[in-house]
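**Q** Quick check, what structure comes out for this input:
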Amino acid sequence: MLSNQNTVGKKYRDGFITSRNTFQKYYTPEELKTFVEKTLKQQSVPVAPGVLFVFKDKNLEEKFHQDLSRAKSSILRVVRSSYSKPQKIKKDRRQEKYDLNKELLENLWFKCLELGREAKSDEVDDLTELLGHFKTIGQAIKFLYEFKDVEKLREAYFIRKNDLLVFFALEFFKQRQSFQEYEKSFQRDVKILFWKYY
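**A** Residues are numbered from 1 along each chain as shown. Got it, this is the predicted structure:
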C-alpha cells in the first residue's frame, strides 16, 4: 500500500492498525521498489502507483520495454487506413482466392504492418493454414501486394524504425544487454529495418 497524508488508524510499530483492526504497512514508491528488489533479488519495473512488474524471463522484460517505446497510435492509424477496398485485379480467379482466404491474408497483412516489414514464417500465427493455400509465406505476401497499398507498409516501416531508435536511446542509458541476447524476432527487426529500405 502506498503512503499518503490521509492515513487512518493508530500508529503501531512500522505501520497502522485500521478501524477494522487490521495491520497496514504503507510504503512510498521508492520504499516499495527497494523492498521488492531486495526481497526478490531482481530488478523491478514500476508500471502504476503501487504496482511493480518483476520478470522471471529477461526476454519478456526486454519485449515489455520495447513495447513501451512503440508508437501504437501511429501503427493503428496505418492499420485502420489500410482496410480500404482492395484494388481491382483483372483476373477474377485471384480475386476469388483473395476472398476465400481473406481472414488469413488480413491477419498476415496486419502482422506485416505491426512489424513494419514482411513477416517471417516463425512470426505468423496461422502458418500451417496459410501454407495450405500458398507455397511459401513470401508467395502469400507477394499475393497480398496485389490487393493492398504497399505505401502503408512503407509508412509502418518508418514508424517501427523510429520506435526502435527511441528504444535504443532509452536502453543506452540503462546498459541492459548485448544485441545477441535479444530475441530473434527483435534482432531480425533491427537487421531488416536498419539495413534494408523499402
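**Q** okay, CA-based contacts and neighbour counts for the rest of this
**A** Noted.
**Q** What does the pLDDT read for residue 105?
**A** pLDDT, residue 105: 91.
**Q** residues contacting it?
**A** Residues near residue 105 by Cα atoms under 8 Å, 6 or more residues apart in numbering: 98, 140, 144.
**Q** Just the buried positions in the helix or strand hosting it, please.
**A** According to DSSP states H and E, residue 105 maps onto helix 102-115. Going by neighbour count (16 or more other Cα atoms under 10 Å), the buried part of helix 102-115 is 104-106, 108-115.
**Q** Determine the number of other residues adjacent to the closest residue in space to residue 121 that isn't next to it in sequence.
**A** Leaving aside its chain neighbours, residue 121 sits nearest to residue 137 (6.2 Å; criterion: Cα to Cα, 6 or more residues apart in numbering). Neighbour count of residue 137, defined by other Cα atoms under 10 Å: 19.
**Q** Phi first, then psi, for residue 137.
**A** phi -70, psi -40 (degrees, to the nearest 10).
**Q** hang on, isn't it packed against residue 120?
**A** Yes - using Cα atoms under 8 Å, residue 137 and residue 120 qualify as a contacting pair, with a distance of 7.1 Å.
**Q** what helices or strands is the longest helix along the chain leaning on?
**A** Secondary structure of the chain per DSSP state H: the longest helix is helix 150-174. Applying 3 or more Cα pairs under 8 Å, 6 or more residues apart in numbering; DSSP states H and E, one finds that helix 150-174 makes contact with helix 58-68, helix 72-81, helix 102-115, helix 184-195.
**Q** Ramachandran coordinates for residue 54?
**A** phi -130, psi 120.
**Q** And residue 51, by the same measure?
**A** phi -120, psi 120.
**Q** Share the number of residues neighbouring it, please.
**A** Residue 51, neighbours per other Cα under 10 Å, totals 14.
**Q** Poorly predicted segments of this structure, please.
**A** Low-confidence segments of the chain (pLDDT under 70): 1-8, 71-91, 173-177, 196-198.
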